[in-house]
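1. dropping a prediction and its sequence here:
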Amino acid sequence: MAKESFDKEIQFLRMMVLTSGAYSRQQFADRLGISVHTFDKTIRRLKDIVQTVYQQLPEEQGKELAETIRYSYYDSADPMLLFLFRAKSLKESESHRISLLLAAMQDQALTAMELLDACCSGLPAELAMPDEKTIRQDLKYLETVGVIRKLAGPRPYKYMLHNDLVNELTTEELLELYDFVDIMANTQVPSVQGLLLRDGIKKALNRSREESAVGTALPFLYKYHYYSRILDEAHLFTLLNAIQSRRRVRFMYFSPKAQKSYASRNTNPLFERESEGKQETTLPLKVVYDHQYGRWYLLANHTREGLRKFRMEGITQIEEDEAVTEEQFTACLSELEHKTQHSWLIDTGRPVTVRARFYNPEGEQPNFVKDRVLLQGQWGRIVEETKTDFVFEITVNGTIEIKPWLRSFGSSCEVLEPASFRREMIAEWKELQAYYEPVRENI
């Protein structure tokens, strides 16, 4: 995805959306653990990113940073906050260099030395000229992410853009592909890779035709609610690669209860400050996505503490560490599977059997309550059933994670067992009822 981390921008955008402008500059900086000066620099950097992404628009239609964070359904066809992945995930010098390399390989295959010459002749004078090693590193990166391909043949190897797919499809086929990718990227996880692919197809359509093939009236519009789902994908593929290669990872972690969500890397000891984050080294085993709240979780094994669970929104400065043996990884994974065997999501508490009565909707079929229970009820089963209701039973690790699901059925669900869980639900519903009681008796 990106060649360098942008943890600060990720946490910055997350807070900007969640606080909706309620914080002052100083409060914002304190919450992030940065100075006001760094806050201002980050704002300017994000504005530059927005201008880079929307540079094809006329000046009067250009988007400011504040206008990018909006809540209108019809302004959300492009998912909010995705622009961070599109633009400045590279340094400024890397952005210029890679743009020149891709432009040079647009119509012909070139060697590394030919690309070096093309890059040096096109770079602005104020930027440092790259050497052959830098160009080869860029080519390796572009080849790894699938942007270019190395042609078969003797040395020196030649490289060209890997865009055969869009070149060989007709306009109608590209439009069908665009619509399919648009649907899947907005409804499935992970999302970022698909959304970037959708943008690439859209550019190919617009580039290959005199008039835009993708009109302004898009066939599908989406409202993106879960900001963490997009932002946390910056770490997702790093973790998946570490799991695949059986490697430990190092990162700075900020728990949800911490007062700060970010800490800069201070190289000057005079300005070094104490961080609320904790340095962690752990072996990643599984990544879990919570559809209920739109959150990513990392399940990992710690050498001393055993099984650990991390919210991915608190992970910063992630790096790969040493590899472990296949036997060690398998043993840790087996322990995880055993402890989460009855987890509704990731809970590893004491198993408890939950029984709940669901009431069928009045009127004709279909029975949407029963259909939803059967679809989402995981390994639970219906043990009793009448014309008006049915009893659902499931054994889970604790009741915390299943509670929001049961509560989402409203009056169509009644918790029967365990008794303590039933009393807990009664107390919560009474609290909710009190919120809606009239202020005066005569209202």
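-> All right, it came through fine. Numbers count the residues shown, from 1 in each chain.

2. mind listing what's buried in stretch 283-291?
-> Leu283, Pro284, Leu285, Lys286, Val287, Tyr289, Asp290 (16 or more other C-beta atoms under 10 Å). Bear in mind the C-beta positions are built from the backbone N, C-alpha and C, glycine included.

3. let me fix that: stretch 181-188
-> Across stretch 181-188, burial judged by 16+ other C-beta under 10 Å covers Val181, Asp182, Ala185, Asn186.

4. out of those residues, which are inside strands?
-> Nothing among the buried residues of stretch 181-188 maps onto strands, per DSSP state E.

5. any chance of TSV for those residues, columns pLDDT?
-> What follows is the buried residues of stretch 181-188, written out as TSV (pLDDT from 0 to 100):
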residue	pLDDT
Val181	88
Asp182	85
Ala185	85
Asn186	82
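
6. closest one of those to Ser228?
-> Nearest to Ser228 among these: Asn186, at 15.9 Å, using C-beta to C-beta.

7. any idea how far the closest one lies from Leu161?
-> 27 Å (C-beta to C-beta, to the nearest Å).

8. same thing with Lys8?
-> From Lys8 across to Leu161, the span is 32 Å (C-beta to C-beta).

9. just the buried residues of stretch 371-391, please?
-> In stretch 371-391, counting by 16+ other C-beta under 10 Å, buried: Val373, Gly377, Gly380, Asp389, Phe390, Val391.

10. now the lengthiest strand in the chain, how far from the centre of its chain.
-> In the chain, taking DSSP E as the definition, the longest strand is strand 278-290. Relative to its parent chain, strand 278-290 has a centroid offset of 15 Å by C-alpha atoms, centre = their mean, to the nearest Å.

11. so which of the buried residues of stretch 283-291 would you say is closest to Glu417?
-> Relative to Glu417, and with distances defined as C-beta to C-beta, the nearest of the buried residues of stretch 283-291 is Asp290, at 25.2 Å.

12. pretty sure that closest one is touching Met312, no?
-> No. Asp290 sits out of contact with Met312 when judged by C-beta atoms under 8 Å, with a separation of 10.5 Å.

13. common neighbours of the two, please.
-> Listed contacts common to Asp290 and Met312 are Trp296, Tyr297; contacts here mean C-beta atoms under 8 Å, 6 or more residues apart in numbering.

14. which ones among the buried residues of stretch 371-391 lie within strands?
-> Asp389, Phe390, Val391.

15. what's the spacing between the last one and His162?
-> Taking C-beta to C-beta as the criterion, Val391 is separated from His162 by 56 Å.

16. hang on, the earlier thing: reformat the ones in strands among the buried residues of stretch 371-391 into JSON lines and put distance to Ala29 and pLDDT next to each item.
-> Below are those laid out as JSON lines (distance: C-beta to C-beta, whole Å; pLDDT from 0 to 100):
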{"residue": "Asp389", "distance to Ala29": "55", "pLDDT": "91"}
{"residue": "Phe390", "distance to Ala29": "54", "pLDDT": "94"}
{"residue": "Val391", "distance to Ala29": "54", "pLDDT": "95"}
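
17. of the buried residues of stretch 371-391, which is the nearest to Ile43?
-> So of these, ranked by how close each gets to Ile43 (C-beta to C-beta), first place is Gly377, at 46.4 Å.

18. what's the pLDDT at that closest one?
-> Looking at Gly377, its pLDDT reads 91.

19. report the contact partners of it.
-> Phe392, Ile394.

20. before we move on, back to that, so what touches the longest strand of the chain?
-> 189, 229, 236, 239-240, 242-243, 247-255, 295-303, 308, 310, 312, 321, 324, 328-329, 332-333, 336, 345-346.

21. can you do 7 Å?
-> 189, 236, 239-240, 242-243, 248-253, 296-302, 308, 321, 324, 332-333, 336, 345-346 (C-beta atoms under 7 Å, 6 or more residues apart in numbering).

22. walk me through which strands that strand pairs with, and which way each runs.
-> Sheet pairing of strand 278-290 (DSSP bridges) gives strand 247-253 (antiparallel), strand 295-302 (antiparallel).

23. let's have those in JSON lines, adding mean pLDDT, mean neighbour count and distance to Ser35.
-> What follows is those, written out as JSON lines (pLDDT from 0 to 100; neighbours: other C-beta atoms under 10 Å; distance: least, C-beta to C-beta, whole Å):
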{"stretch": "strand 247-253", "mean pLDDT": "91", "mean neighbour count": "19", "distance to Ser35": "18"}
{"stretch": "strand 295-302", "mean pLDDT": "92", "mean neighbour count": "22", "distance to Ser35": "29"}
